[in-house]
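Asks: Kindly return the folded structure for what I paste below:
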Amino acid sequence: MSELGDRGDRPDGISSPEQVLLAAGVPFTAVDHQPIVGRADAELLGFPTERLLKTMVFRNADRGFVLAALPVTGRVNYGRLARAAGTSRAKLSQAAPEDLRALGMEPGGASPVCAAPGVVVVFDAAVRHMGVVCCGSGRADRTIQVDVDHLIELVKPIFDDLSG
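Replies: All right, here's what the predicted structure looks like:
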């Protein structure tokens, strides 16, 4: 279990993904490292590709944000994601850095764990079978390792086949 100290305290009062996990009593490990900006960086740090969970953040013109979590090797089919999130493809756009800050995250640290209101979380169906996953902590220089079953129980995502 990680101790947050100054890592999770934010002056704006937004809960970081780590704070959400701690508050829910979900066991996890946090690993500090050089900032990650992509799959290659994560692999260089020794994170196993088959356990890497990437999260993509989108603005939804109707209802806030959509978080899409899938294996790092997957590619999001935007039409499928939009249908799963209950919106149209035309209403989804990639989130900007200031959007991520509104969720308690930074570029390179997007996480499927978010307590902000109006956020829809969609997991690719393949995520169910990933075991212990490595995912964003909200920061590009810190990764969370957590059992996917605990993550699913906490996040209560919508499941769909997002890749393809």
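Asks: next helix or strand past the helix or strand bottoming out on mean pLDDT in the chain?
Replies: Sorting the helices and strands of the chain by mean pLDDT, DSSP states H and E puts helix 39-44 at the bottom, at a mean of 71. Later in the chain than helix 39-44, the nearest helix or strand by DSSP states H and E is strand 53-60.
Asks: who does the next helix or strand after that next one touch, helix- and strand-wise?
Replies: Reading on from strand 53-60 to the C-terminus, the next helix or strand found by DSSP H and E is strand 64-71. Strand 64-71 sits against strand 53-60, helix 78-85, strand 119-124, with contacts defined as 3 or more Cβ pairs under 8 Å, 6 or more residues apart in numbering; DSSP states H and E. Backbone N, C-alpha and C define where each C-beta goes, glycine included.
Asks: Report the buried residues of stretch 113-130.
Replies: Val113, Cys114, Ala115, Val119, Val120, Val121, Val122, Phe123, Asp124, Ala126, Val127, Met130 (16 or more other Cβ atoms under 10 Å).
Asks: could I get the residues you listed as TSV with pLDDT and distance to Pro107?
Replies: Listed next are these as TSV, based on pLDDT from 0 to 100; distance: Cβ to Cβ, whole Å:
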residue	pLDDT	distance to Pro107
Val113	96	17
Cys114	93	15
Ala115	88	20
Val119	94	17
Val120	96	20
Val121	97	19
Val122	98	20
Phe123	98	21
Asp124	97	21
Ala126	96	24
Val127	97	22
Met130	96	23
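Asks: Closest one of those to Gly86?
Replies: If you rank the buried residues of stretch 113-130 by distance to Gly86 using Cβ to Cβ, Val120 comes first, at 7.2 Å.
Asks: The closest one against Asn60, yeah?
Replies: Yes: judged on Cβ atoms under 8 Å, Val120 makes contact with Asn60 at a distance of 7.1 Å.
Asks: what's the overlap in contacts for those two?
Replies: Val66, Ala85 (Cβ atoms under 8 Å, 6 or more residues apart in numbering).
Asks: what about the closest residue to Glu43 other than its chain neighbours, how many residues close to it?
Replies: Distances taken as Cβ to Cβ, 6 or more residues apart in numbering put Thr49 closest to Glu43, at 6.0 Å, once the chain neighbours are dropped. A count of nearby residues for Thr49, using other Cβ atoms under 10 Å, gives 12.
Asks: From Val122, how far off is Thr49?
Replies: Thr49 is 21 Å from Val122, where distance means Cβ to Cβ, to the nearest Å.
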